[in-house]
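Asker: The sequence and its predicted three-dimensional model are supplied below.
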Number of protein chains: 2
Amino acid sequence: MLLSYQQGFRKTTLADIAEKAGVPLGNVYYYFKTKDEIAHAIIDERLSQFYALRAKLESMASPKDRLLAFAQMTMNNRQQLAKGGCEMGTLCSELQKEPGELAIEAGRLLSEPLGWLTAQFRALGKAPAEGLALHLLSALQGVSVLANALHDPAVVAAETAYLKAWIEEL
Amino acid sequence: MLLSYQQGFRKTTLADIAEKAGVPLGNVYYYFKTKDEIAHAIIDERLSQFYALRAKLESMASPKDRLLAFAQMTMNNRQQLAKGGCEMGTLCSELQKEPGELAIEAGRLLSEPLGWLTAQFRALGKAPAEGLALHLLSALQGVSVLANALHDPAVVAAETAYLKAWIEEL
DNA sequence: GTCTATACCGAGATAGAC
DNA sequence: GTCTATCTCGGTATAGAC
């Protein structure tokens, strides 16, 4: 999964995966029938990671604190974002270029976070919750794209500081 | 160039390109020595398109009008963004996954627009110009990623309306 | 300069021994 | 269930006739 993030899913060969897993090439097909099936597994794993994060954030009582913590996670991750972009966003974007069901499935990597953010803004009593969630997630995804393009984690720091102030002032 | 946008650069074969251009496969190598050279040509072409756009926007006297027109262009392009994402952003992101000089060259697809936006905010007398430009471009890139993931042009409409109001109020 | 044919290689997928 | 060997196809790139 790390490789498919660093070099892109399609560029990562089954030989790469087998080597990383310490098993011979032919053995991969015992666990996955096709490479697309591996894509599905990676999407599921990323979604599980998000659900775990979401559960952790929901231990906070205040929706505002949850939103601030969400933005802060991007901030904390800025070195990695500068190197390879967002794990969810880059995978999602890559798979959008493919025909078939994989693109739809990959869309959940962003629609699930968007839905959760919407719920937080709604709990805060701010409207339109959808629009605010969209603005926040767009900014975070966009700054990840830019940080990756510029190879500069500083832009993430600047933008997340801006967004956290924006959340505070809502 | 259209194909490499629709299906991704690496997924687009030289056979695809040759067919689209109406020439036999072998002939492509008369114009480009390698596929990477084609990538460079596409980047150059996209940059030229941006320079042309920039020149057109600079015919407007007011920096604020330029910024509003820039946001409006994304709005006008929302159908295409929902289908395949931003031409500059998706190409840039894809090429970031590759080693070598191509990634750096592709970074200009976003650093050039960012630099121009910064100049506009500076001309407006708003500070920090870099931070404001970063916020605007992040939001536009991010909403393009989301529109593509959700296959929904409406999110572009919502976010650009938000951003245009934000520019007006600066 | 333009085309056909083909070499070469890497990647996904399979067969079948153990 | 685990491994080796191999098939097959598609894609980049080249050779060389016209």
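Answerer: Structure received. Residues are numbered from 1 along each chain as shown, chains lettered A, B, ... in the order given.

Asker: alpha carbons only for contacts and neighbour counts from here, please
Answerer: Noted.

Asker: so what's the residue positioned nearest the centre of chain A closest to, chain neighbours aside?
Answerer: Centroid-nearest residue in chain A: residue A:88, 2.7 Å away (criterion: C-alpha atoms, centre = their mean). Of all residues not flanking residue A:88 in the chain, residue A:109 sits nearest, at 5.7 Å (C-alpha to C-alpha, 6 or more residues apart in numbering or on different chains).

Asker: for that neighbour, what are its contacts?
Answerer: Listed by C-alpha atoms under 8 Å, 6 or more residues apart in numbering or on different chains, the contact set of residue A:109 reads A:43, A:46-47, A:88-89, A:92.

Asker: 10 Å instead, please
Answerer: A:43-44, A:46-47, A:50, A:87-93, B:149-150 (C-alpha atoms under 10 Å, 6 or more residues apart in numbering or on different chains).

Asker: Redo those as TSV? Include distance to residue B:69 and pLDDT.
Answerer: Putting the contacts of residue A:109 into TSV (distance: C-alpha to C-alpha, whole Å; pLDDT from 0 to 100) gives the following:
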residue	distance to residue B:69	pLDDT
A:43	37	98
A:44	40	98
A:46	37	98
A:47	37	98
A:50	37	98
A:87	32	98
A:88	31	98
A:89	27	98
A:90	28	98
A:91	31	98
A:92	29	98
A:93	26	98
B:149	25	98
B:150	25	98
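
Asker: what number of residues lie near residue A:165?
Answerer: Other residues near residue A:165 come to 12 when the count uses other C-alpha atoms under 10 Å in any protein chain shown.

Asker: Please read off the pLDDT at it from the model.
Answerer: Note on residue A:165: pLDDT of 98.

Asker: so which strand or helix has it?
Answerer: Residue A:165 belongs to helix A:154-169 when assigned by DSSP states H and E.

Asker: Stretch A:140-160 close to chain B?
Answerer: Yes - using C-alpha under 10 Å from any C-alpha of the partner chain, we find that stretch A:140-160 touches chain B at A:140-151, A:155-156, A:158-160.

Asker: residue contacts, the residue of chain A found nearest DNA strand D?
Answerer: In chain A, the residue found nearest to DNA strand D is residue A:26; the distance is 3.7 Å by C-alpha to the nearest atom of the strand. Counting by C-alpha under 10 Å, 6+ apart, residue A:26 touches A:14-15, A:18.

Asker: same check, this time on residue A:43
Answerer: Counting by C-alpha under 10 Å, 6+ apart, residue A:43 makes contact with A:1, A:37, A:49, A:88, A:91-92, A:102, A:105-109.

Asker: Could you look up the SS state of the residue of chain A closest to DNA strand D?
Answerer: Following DSSP: H, G, I helix; E, B strand; the rest coil, we place residue A:26 in the helix state.

Asker: Can I get the buried part of the contacts of residue A:26 as one ChimeraX selection?
Answerer: The buried residues among the contacts of residue A:26 can be selected in ChimeraX (16 or more other C-alpha atoms under 10 Å in any protein chain shown) with this line:
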select /A:14,18
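
Asker: Filter the contacts of residue A:26 down to the ones in helices?
Answerer: Among the contacts of residue A:26, the members found in helices (DSSP state H) are A:14-15, A:18.

Asker: coming back round to it: check which helix or strand covers the residue nearest to residue A:88.
Answerer: Here residue A:109 is assigned to helix A:101-124, by DSSP H and E.

Asker: Run the angle between the helix or strand just after that helix and helix A:101-124 for me.
Answerer: Proceeding N to C from helix A:101-124, the next assigned helix or strand is helix A:129-150, under DSSP H and E. Helix A:129-150 runs at 120 degrees relative to helix A:101-124, counting by axes from the mean of the first three to the mean of the last three C-alpha atoms, to 10 degrees.

Asker: Flag every residue of chain A that's near DNA strand D.
Answerer: By the rule C-alpha under 7 Å from any atom of the strand, the part of chain A lying against DNA strand D is A:23-27, A:30.

Asker: So which of the residues you listed is the closest to residue A:70?
Answerer: For those, the closest approach to residue A:70 (C-alpha to C-alpha) belongs to residue A:23, at 37.1 Å.

Asker: Now do the closest one against residue A:122, distance only.
Answerer: 48 Å (C-alpha to C-alpha, to the nearest Å).
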